[in-house]
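**Q** here you go, sequence then predicted model.
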Amino acid sequence: MLHPLEQLRNDALREIGDAHDEKALDDIRVRYLGRSGSVSAWGEQMKSLSKEEKPVVGKLLNEVRTAVTAAIEARTRQFQSQKESASLGKIDISLPGTPHEIGALHPLTQMWERSIEIFRRMGFAVADGPDIEDEWHCFDALNTPPEHPARTEQDTFYLPDGRLLRTHTSTVQIRTMESAPPPIRVIAPGAAYRNEEINATHSAQFHQIEGLYVDENVGVADLKGALEFFMHELFGAGTEVEFRPHYFPFTEPSLEVYVKSKALKGGEQWIEVAGSGVVHPAVFEQVNKARGDKAYDPEKWSGYAFGLGMDRLAMILFDIPDLRLFAQNDLRFLRQFA
C-alpha cells in the first residue's frame, strides 16, 4: 500500500503533466509547494511523529519535494520552448538577411596612419596644437617678416580678435620647443588653412605632417637621410629622391623634395612632395625669448624641419586626380579604398 506521501507525489506529477499553461502550472506549485501547500503541511505533521517514524518520513518527504520541484521546472522549460518555437515559426529563415557593410578608413586617414607609423619607427613622437593661433606662433617665431605676402588676408584667414587659422602645423614645433628643452624629435600632424581658391589641386583646408629634429650637430645630411628613408618606405624602395634649393624664411638652407618612380603615375617625371631645411638660427632665438632662457642656443644646437602635404601624398600614392574628392563623401569613391 502506498504511503500517503507517495500518493501525494503521484497526484502532483499527474497534475503537472496535465497542466496546459504556465498559469495552471504555477497554481499547482502553490497548491503543493507553497507555504500552506500539501507537501509543506507534512513538515508540520513531522512534529507529532515518533522518533522511529521521523527519519523514514523525513527522507520520503524530501524525495517528494525534490521530485515535484524537478517536474515543475521541467514542465516550465517545455512551455518556454513551445513559446520560442511558436515565435520562430513566424520567421521565414530562408529569406536573405540584411547585410551590414564593414566600415573602412578614409584614404586620408590611411595616409596619416602610414606616415605616422613610419616616423614613429624613426624615433619621432607625435605632438599636437591648436588650429586657431596667434601671429607670433604662426609667423613671427618662424622668422616671417611683417611684409611677407603670406601674412596678408589674401593668403591667411584672420578672426575678428586678431587671431588666425594656422597656415601650417609648424606652429606646433614652436609650442613644443617652448615647453621642452632640446634634444627633441617630433612630428605635428593636423589641418592647416589658407585663403585659396578651391580646385582640383588646392583647398582652403588641407592636411600636413611637419617634423622637427633638434640635437647637437644636426645638418643637411641628417635631413636627407630621414626624408629619403620616409619616401622609400612610403612609395617603395625603387623611388628616386631629389633635393632642390629653395627659400623658406624659417630654414637655411632650404630644400624642396621631389620623387620619381615608375610605380607612380607620371613615371619618369619628378613630383614635388615636401619642403624642408635646416632650422634658421633666428627661430631658436625667438623661442629663447619666449622661454626666457638660452635653452636653444644656436651655437650649440641645430636641427632640421620638414613639411609634408598629406592630401598631395595621398593623391600621388592612390592616383587620385582631384583633391575635392576627399571631402565629398561619395561612397563610389571611398569604397575603392576599403
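**A** That came through, no problem. Numbering: from 1, shown residues only.
**Q** where does the stretch 101-250 of the chain dip in pLDDT?
**A** Judged against pLDDT under 70, the stretch 101-250 of the chain has no low-scoring part.
**Q** where exactly do the strands run in it?
**A** Assigned by DSSP state E, counting those that start in this stretch, the stretch 101-250 of the chain shows strands spanning 125-126, 132-133, 164-165, 184-193, 205-215, 240-248.
**Q** among these, which comes closest to residue 283?
**A** Comparing the strands of the stretch 101-250 of the chain against residue 283 with Cβ to Cβ, the closest turns out to be strand 205-215 (9.8 Å). For every residue, glycine as well, the C-beta is placed using N, CA and C.
**Q** could you verify my assumption that residue 49 touches residue 55?
**A** No: Residue 49 lies out of contact with residue 55 (Cβ atoms under 8 Å); the separation is 9.5 Å.
**Q** which helix or which strand is home to residue 253?
**A** Using DSSP states H and E, residue 253 sits within strand 251-260.
**Q** tell me the angle that strand makes with strand 240-248.
**A** Strand 251-260 runs at 150 degrees relative to strand 240-248, counting by axes from the mean of the first three to the mean of the last three Cα atoms, to 10 degrees.
**Q** looking only at pLDDT, what's the mean for strand 251-260?
**A** Mean pLDDT, computed over strand 251-260, is 95.
**Q** from the chain's centre, how far out does the helix or strand where residue 16 lies sit?
**A** Per DSSP H and E: residue 16 is located in helix 4-18. The chain centroid and the centroid of helix 4-18 are separated by 63 Å, computed with Cα atoms, centre = their mean, to the nearest Å.
**Q** so for that helix, what's the average pLDDT?
**A** pLDDT averaged over helix 4-18 gives 79.
**Q** which residues touch that helix?
**A** Outside helix 4-18, the residues that touch it by Cβ atoms under 8 Å, 6 or more residues apart in numbering are 2, 25, 28, 32, 38-39, 42, 57, 60-61, 63-64, 67-68, 71-72, 75.
**Q** also compute the angle for the following helix or strand past it relative to helix 4-18, please.
**A** Using DSSP H and E, the helix or strand that directly follows helix 4-18 along the chain is helix 22-33. Interaxial angle, helix 22-33 versus helix 4-18 (the same axes, to 10 degrees): 170 degrees.
**Q** buried residues, stretch 53-71. List them.
**A** Within stretch 53-71, the residues that qualify as buried are 57, 60, 61, 64, 65, 67, 68, 71, counting by 16 or more other Cβ atoms under 10 Å.
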